[in-house]
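Peer 1: fold the following, please.
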Amino acid sequence: MSSINAISSDKLARLIGVPHCPALIDVRTDGEWESDPRFVPGAARRPHASVTEWAGEIAGRAVIIIDQKGDDLGEGIAAWLRHAGADSAEVLIGGHVAWAQSNGPLVPEANLPPRDALGRAVWVTRARPKVDRIACPWLIRRFVDPAAVFLLVSAAEVQGVAERFSAAPFDIDGAFWSHRGECCTFDTMLDEWGLALEPLQRLSVIVRGADTARPDLAPEAAGLLAASLGLSRMYPDNLDQLDAGLALYDAFYRWCRDATDEPHNWPATKSGKTT
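Peer 2: Below you'll find the model as predicted:
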């Protein structure tokens with residue numbers, strides 16, 4: 001495949017999990033999907049045959065197309081999306097097969113709650129989120145389902161709302177998506193979805209320490225708890241608080257991925273770098 005309008009697996013890996021990641025669209029055929037019903041983290045399935053119907057959703061956005069092997073199907077879809085106004089449309093070189101061969105993480109669809117008619121999973125938990133109840137939505141939005149819906153309700157009504165609105169309850173007693181032993185809900189989701197990436201594993205220790213009153217697990221846990229409690233005082237609206245919390249986890253994730261060995265000393269050296 002030409003390098004024009006194409007992206008390699010290693011470059012895509014650097015984009016997954018960050019807020020500016022392009023929309024990832026999995027256009028594998030039904031047969032190809034059935035042979036491996038797992039998806040690149042954050043990818044949404046769309047039928048290639050109806051691209052003219054959903055292409056408008058991508059207008060003005062950057063997108064990466066994932067087909068089976070990075071061939072004519074992916075290139076054709078990318079061309080359609082550029083025609084429909086996508087800001088850019090690239091094809092993953094080698095497609096799903098190449099990603100799997102590179103040991104890139106793949107999320108099993110079978111381990112997700114059922115999706116609604118718009119292809120989104122709906123989740124419900126207690127209002128006034130602090131640590132785990134923001135860490136989990138962050139993980140879902142950045143690595144699993146960017147369009148996921150989160151319903152934040154009073155604790156007594158979580159189960160009822162889950163039943164009425166076909167939502168998956170999380171971080172409440174008795175739920176599948178909740179604490180297990182000494183681990184928190186964030187750990188549970190990482191395990192269920194096979195997200196064993198080193199930065200996420202490092203972040204999970206910080207979340208666990210902040211969420212289970214064990215700041216000794218990681219030096220950063222106390223700071224995460226303090227910032228989380230501060231956000232809960234700043235935002236009376238649950239969704240505003242959630243949005244602000246997502247930005248906080250974006251920062252912690254990038255630290256876990258890119259900056260754990262970067263010191264900050266004062267005064268700085270003449271070169272502008274720390275010693």
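
Peer 1: which parts of the longest helix seen in the chain are buried?
Peer 2: Taking DSSP state H as the criterion, the chain has its longest helix at helix 238-254. Across helix 238-254, burial judged by 16 or more other CB atoms under 10 Å covers Asn238, Gln241, Leu242, Ala244, Gly245, Leu246, Leu248, Tyr249, Asp250, Phe252, Tyr253. C-beta coordinates here come from the backbone N, C-alpha and C atoms, glycine included.

Peer 1: pick the one among the residues you listed closest to Asn265.
Peer 2: Among these, Phe252 lies closest to Asn265 (CB to CB), at 21.4 Å.

Peer 1: need the strands for the stretch 51-200 of the chain, in chain order.
Peer 2: 62-66, 88-92, 107-108, 122-126, 149-153, 168-169 (DSSP state E, counting those that start in this stretch).

Peer 1: switch the ones you listed over to TSV; also include distance to Ala13 and mean neighbour count.
Peer 2: Output for those, formatted as TSV (distance: least, CB to CB, whole Å; neighbours: other CB atoms under 10 Å):
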stretch	distance to Ala13	mean neighbour count
strand 62-66	12	24
strand 88-92	11	24
strand 107-108	14	17
strand 122-126	26	23
strand 149-153	26	18
strand 168-169	27	20
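
Peer 1: which one of these lies nearest to Leu224?
Peer 2: strand 122-126 (18.3 Å).

Peer 1: okay, now the sheet partners of the closest one, with direction.
Peer 2: strand 149-153 (parallel), strand 168-169 (parallel) (DSSP bridges).

Peer 1: for the strands of the stretch 51-200 of the chain, which one sits closest to Gly194?
Peer 2: strand 107-108 (6.8 Å).

Peer 1: contact partners of that closest one?
Peer 2: Pro37, Arg38, Phe39, Val40, Pro41, Phe143, Val144, Trp193, Gly194, Leu195 (CB atoms under 8 Å, 6 or more residues apart in numbering).

Peer 1: how distant is the longest helix of the chain from the center of its chain?
Peer 2: When distances are taken as CA atoms, centre = their mean, to the nearest Å, helix 238-254 is centred 12 Å away from the chain's centroid.

Peer 1: got it, and stretch 252-264?
Peer 2: Per CA atoms, centre = their mean, the centroid offset for stretch 252-264 relative to its chain is 19 Å.

Peer 1: rewinding a little: the strands paired with strand 122-126: which one's closest to Val63?
Peer 2: So among the strands paired with strand 122-126, strand 149-153 is nearest, using CB to CB, at 21.6 Å.

Peer 1: ok, and what's touching that closest one?
Peer 2: Taking CB under 8 Å, 6+ apart as the rule, strand 149-153 contacts 116, 120-129, 133, 137, 161, 165, 167, 238-239, 242.

Peer 1: can you give me the angle that strand makes with helix 238-254?
Peer 2: 120 degrees (axes from the mean of the first three to the mean of the last three CA atoms, to 10 degrees).
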